[in-house]
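Chemist: pasted the sequence and its predicted model underneath.
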Amino acid sequence: MNRFLSTAFTALYLGMATGAFAQGFTNGSQLYVQSGATLNIDMSVDNVVSAGIHNNGTIQVAGNFNNSGVPAIAKLVVLDGSTAQSVTGNSRFTGVFEIDKSGGTATVTSGTVLIDSILRLNTGTINANGNVVIVSDAASTGLVDDFSAPTYNGSVTGTLRVQRFITGASGFHYIGSPVNTPDMAVQLSELNLYGPNNNQVLPAPSCDPDQLYFGSPYGNAFEWREVGPFPGPSGWAPTCEQWGWFVRSSGPMTNGRGYSAIASSHQTIEIAGTANTSEISTVSYGGLGNTNPVGDGWHLVSNPFPSPIIWSTANVPSGIDGGIAFWQTSGTYAGTYQPFIPLDNKVIGSMQGFFVHVSSGTASWALPQSTRVLGDPGFYKPNHTNSFDIVVEAGGFADKTTVRFGEEGESNGFDSMLDALKIPSRYAQPTLQTRIGRDFFAINSLPIEGHPMTVPMDLVPGISGTFKFRAEHLSSFDIEAHVYLEDLKIGKIQELTVNPVYEFTADENDDADRFLLHFRLNGEEPMYTGDDILMYANNGSAYVFLPEFDGQAQFDVFNALGDLVYTKSNLYEGKNTYDLSQLATGAYVFRLMVNNKPISKKVIL
């Protein structure tokens with residue numbers, strides 16, 4: 001029997017039950033499907049002009065679906081026919097729009113289908129036909145789900161339109177394509193691309209990114225090429241990273257590659273094409289290496305799927321380091337790159353661009369379906385257990401560096417999956433990083449047992465003026481922890497676990513290696529801050545701190561055989577520094593004699 005709801009009815013309610021319409025359904029007023037209810041429609045649905053579908057349950061449609069009424073439809077709507085189905089009119093699915101077809105194709109033949117939340121590809125095929133939009137706005141971003149359950153094997157064909165809403169300030173934003181190799185000039189038409197395609201940017205001799213060499217090519221979209229070329233010593237700006245940027249104004253976008261585009265705040269970018277919903281490894285962005293000291297193995301990549309991905313230990317492609325870096329366009333850390341490591345399980349939104357690093361060899365940015373998740377990229381709660389941040393603030397700018405202690409195989413060197421290397425901040429802004437050997441860290445993961453007592457912390461001021469360090473999350477340690485900051489320029493040590501704020505002045509031309517961080521964990525002897533004796537080694541030098549005392553003090557160094565290899569007398573109050581670079585690397589014993597009373601300590605030079 002044909003059930004027709006005419007405009008003479010004010011509403012039809014389906015409560016906690018299952019309703020069935022064997023030969024179709026026309027809604028001329030208001031349809032209510034309550035929570036827990038299922039409306040099965042064996043043939044077609046026609047929601048006429050001004051009519052509304054208020055769905056708090058499930059609507060299953062085996063025939064055609066037309067919506068000429070109110071576009072918004074919530075909760076779950078399923079196309080489950082066994083033959084071809086057509087979708088017409090304008091619908092905005094704020095819940096889940098699911099394809100679960102045993103045969104035929106569901107085709108969006110006209111109108112527009114907006115996906116605010118999830119297009120679920122359970123079984124069967126939907127032909128987007130250029131009429132399906134994965135919506136991104138200030139409130140949320142939709143996604144395509146053909147991965148969250150092992151049984152999902154549906155597909156989307158035809159042209160799918162995928163949006164990205166630009167948050168943050170106007171300026172450079174890193175983006176990528178969620179569809180297969182679209183044409184830049186066509187699909188980024190909102191940006192009005194200009195500039196000579198594939199021409200290299202020529203930096204000014206100062207390397208100031210806000211200035212270019214006279215006559216340099218320029219545009220409003222760029223790609224980063226780690227290989228450069230970067231000029232040798234004869235070039236006018238041989239060490240500038242800006243040499244790695246090339247103007248892009250036309251031609252195909254590479255799957256998985258990231259691009260830097262100048263976009264306005266709250267602008268929406270839409271890219272259309274064949275969705276990247278299969279294994280990206282077949283069309284991966286490959287040939288990523290570490291070819292020169294300027295490009296230094298950094299590559300701009302992107303999430304190539306119309307859904308979020310998760311950066312976890314299991315999902316890092318072979319040959320690529322675990323530390324990734326995101327450009328900050330606004331907020332506290334605007335103008336800096338902020339890092340994540342796989343332990344963070346960072347969710348990365350569709351079309352988001354970011355930097356990855358290759359330490360050696362050649363790698364490919366090849367992501368399996370298992371990388372994709374249903375998570376919210378806007379929500380991230382870091383785990384601060386046994387870790388802390390040092391934040392630097394000056395002149396309205398800020399940057400930070402992180403030190404963490406763990407038991408996941410951390411070493412006192414660079415750990416590919418546990419550390420994140422540092423990318424400098426924007427020109428004329430502070431950059432803060434820790435250093436071990438020749439590696440500069442944004443996240444420095446160290447072992448709880450056998451950790452270094454001292455780690456250099458380098459500050460590139462960028463500007464002159466008053467600076468402030470602020471230690472954050474020191475209360476998160478589940479072990480006894482004492483962290484000290486040493487200012488080598490003025491010879492001052494401050495315990496950050498007692499007083500987490502340190503103010504000082506700096507000049508933009510100051511040497512970066514001005515500060516040290518000292519750690520005392522799990523009951524290790526606390527450090528000298530002006531009232532006690534302290535001895536330690538760092539970078540081939542010995543440091544001896546003495547409080548106020550009367551009498552004489554002598555400093556001796558013994559090698560592993562017990563031989564005296566260095567001695568110094570007449571030490572004075574405060575800091576005493578001795579160059580031991582002439583001694584071979586290895587274990588030594590420092591002995592301090594104060595009025596003939598010895599104090600000894602084993603150290604590594």
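Modeler: Perfect, I can see it now.
Chemist: how does the chain divide into domains?
Modeler: 3-158, 171-371, 387-521, 534-604 (automatic domain parsing).
Chemist: and the end-to-end length of the longest one?
Modeler: Between the opening and closing residues of domain 171-371 lies a distance of 29 Å (C-alpha to C-alpha, to the nearest Å).
Chemist: got it, and the third one?
Modeler: Its first and final residues considered, domain 387-521 spans 12 Å by C-alpha to C-alpha.
Chemist: thinking again about what came up before, JSON lines for the domains of the chain, including distance to F165 and mean pLDDT?
Modeler: Backbone N, C-alpha and C define where each C-beta goes, glycine included. Formatted as JSON lines, the domains of the chain follow (distance: least, C-beta to C-beta, whole Å; pLDDT from 0 to 100):
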{"stretch": "domain 3-158", "distance to F165": "4", "mean pLDDT": "84"}
{"stretch": "domain 171-371", "distance to F165": "5", "mean pLDDT": "92"}
{"stretch": "domain 387-521", "distance to F165": "24", "mean pLDDT": "94"}
{"stretch": "domain 534-604", "distance to F165": "48", "mean pLDDT": "88"}
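Chemist: nearest spatial neighbour of N131, chain-adjacent residues omitted?
Modeler: Distance criterion C-beta to C-beta, 6 or more residues apart in numbering; nearest residue to N131, sequence neighbours excluded, is V108 at 4.1 Å.
Chemist: now what about the top strand by length along the chain, what contacts it?
Modeler: Ranked by residue count, the top strand of the chain under DSSP state E comes out as strand 96-108. With C-beta atoms under 8 Å, 6 or more residues apart in numbering as the test, strand 96-108 has contacts from 75-88, 113, 115, 117-129, 131-132, 154, 157-158.
Chemist: how much space between the most centrally placed residue in the chain and V356?
Modeler: In the chain, the residue lying closest to the centroid (C-alpha atoms, centre = their mean) is F326, at 4.4 Å. As for F326, its distance to V356 is 11 Å (criterion: C-beta to C-beta, to the nearest Å).
Chemist: same check on Y259?
Modeler: Distance, Y259 to V356, using C-beta to C-beta: 15 Å.
Chemist: and if you look at K602?
Modeler: According to C-beta to C-beta, K602 and V356 sit 40 Å apart.
Chemist: got it, and T105?
Modeler: Counting by C-beta to C-beta, the gap from T105 to V356 is 38 Å.
Chemist: which one's more surrounded, the two?
Modeler: Each of T105 and V356 has its neighbours counted (other C-beta atoms under 10 Å); V356 has more, 22 against 18.
Chemist: where does the more buried one fall, secondary structure wise?
Modeler: Element membership for V356 (DSSP states H and E) is strand 353-357.
Chemist: again, but for V186
Modeler: V186 belongs to helix 184-187, assigned by DSSP H and E.
Chemist: and that helix, C-alpha only, in CSV?
Modeler: Provided in CSV are the C-alpha atoms of helix 184-187 (Å, rounded to 0.1, in the frame of the first residue of the first chain):
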residue,chain,number,x,y,z
MET,A,184,46.5,23.4,-9.1
ALA,A,185,45.3,26.3,-11.2
VAL,A,186,41.8,24.8,-11.4
GLN,A,187,41.3,23.4,-7.9
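Chemist: what comes up buried for it?
Modeler: Counting neighbours by 16 or more other C-beta atoms under 10 Å, one finds that the buried residues in helix 184-187 are M184, A185, Q187.
Chemist: what sits against the last one?
Modeler: I take that to be Q187. Per C-beta under 8 Å, 6+ apart, neighbours of Q187: S177, V179, M253, E270, I271, A272, G273.
Chemist: neighbour-wise, which of those residues leads?
Modeler: Counting neighbours by other C-beta under 10 Å, S177 leads the contacts of Q187 with 28 neighbours.
Chemist: that one and S318, how far apart?
Modeler: 23 Å.
Chemist: how about P231?
Modeler: 33 Å.
Chemist: then G171?
Modeler: 34 Å.
Chemist: please apply the same query to T151.
Modeler: Counting by C-beta to C-beta, the separation of T151 from S318 is 29 Å.
Chemist: again with A272
Modeler: Noted for A272: a distance of 32 Å to S318, by C-beta to C-beta.
Chemist: equivalent analysis for S302, please.
Modeler: Distance, S302 to S318, by C-beta to C-beta: 19 Å.
Chemist: who has more neighbours, those two?
Modeler: Set side by side, S302 and S318 show more neighbours around S302, with 26 against 8, by other C-beta under 10 Å.
Chemist: isn't the more buried one right up against G258?
Modeler: Yes: the criterion here is C-beta atoms under 8 Å, and S302 meets it with G258 at 4.1 Å.
Chemist: common neighbours of the two, please.
Modeler: Here S302 and G258 share the contacting residues Y174, I175, G176, G353, F354, scored by C-beta under 8 Å, 6+ apart.
Chemist: quick one: which of those residues is most hemmed in?
Modeler: Of all those, the highest neighbour tally under other C-beta under 10 Å goes to G176, namely 26 neighbours.
Chemist: that one against F305, yeah?
Modeler: No: using C-beta under 8 Å, G176 is not in contact with F305, being 9.7 Å away.
Chemist: neighbours around V403, how many?
Modeler: By other C-beta under 10 Å, the residues close to V403 number 22.
Chemist: now do the contacts for it.
Modeler: So V403 contacts S387, F388, I390, T434, I443, N444, L446, V455, L517 (C-beta under 8 Å, 6+ apart).
Chemist: tell me the contacts of A237?
Modeler: Contacts for A237 (C-beta under 8 Å, 6+ apart) come out as P203, A204, P205, S206, C207, Y213, P231, W243.
Chemist: and those, which two are the farthest apart?
Modeler: Spatial extent of the contacts of A237 (C-beta to C-beta) is set by the pair S206 and P231 at 15.1 Å.
Chemist: which one of these two has more residues nearby?
Modeler: More crowded of S206 and P231, by other C-beta under 10 Å: P231, with 16 against 11.
Chemist: how near is the more buried one to G195?
Modeler: Distance, P231 to G195, using C-beta to C-beta: 21 Å.
Chemist: again, but for N122
Modeler: 44 Å.
Chemist: re the thing from before, out of the contacts of Q187, who's nearest F147?
Modeler: So of the contacts of Q187, ranked by how close each gets to F147 (C-beta to C-beta), first place is V179, at 16.7 Å.
Chemist: what about that closest one, distance to I126?
Modeler: Using C-beta to C-beta, one gets 15 Å for the distance from V179 to I126.
Chemist: burial count for the closest residue in space to H518 that isn't next to it in sequence?
Modeler: Nearest non-adjacent residue to H518, counting by C-beta to C-beta, 6+ apart: Y484, 4.1 Å away. By other C-beta under 10 Å, 22 other residues sit near Y484.
Chemist: my guess is Y484 contacts F515. True?
Modeler: No: in this structure, Y484 is not within contact of F515 by C-beta under 8 Å, at 10.6 Å.
Chemist: so D344 makes contact with T313?
Modeler: No: taking contacts as C-beta under 8 Å, D344 lies outside contact range of T313: 10.2 Å.
Chemist: compare neighbour counts for the two and give me the winner.
Modeler: Set D344 next to T313 and count neighbours by other C-beta under 10 Å: D344 wins out with 19 against 13.
Chemist: let me see the ranges of the strands in the stretch 401-550 of the chain.
Modeler: With DSSP state E, counting those that start in this stretch, the ranges of strands along the stretch 401-550 of the chain come out as 420-421, 431-436, 439-447, 454-460, 465-472, 481-487, 492-495, 501-506, 515-521, 534-538, 541-546.
Chemist: sheet partners, orientation included, of the second one?
Modeler: Paired with strand 431-436 in the same sheet, following DSSP bridges, are strand 439-447 (antiparallel), strand 454-460 (antiparallel).
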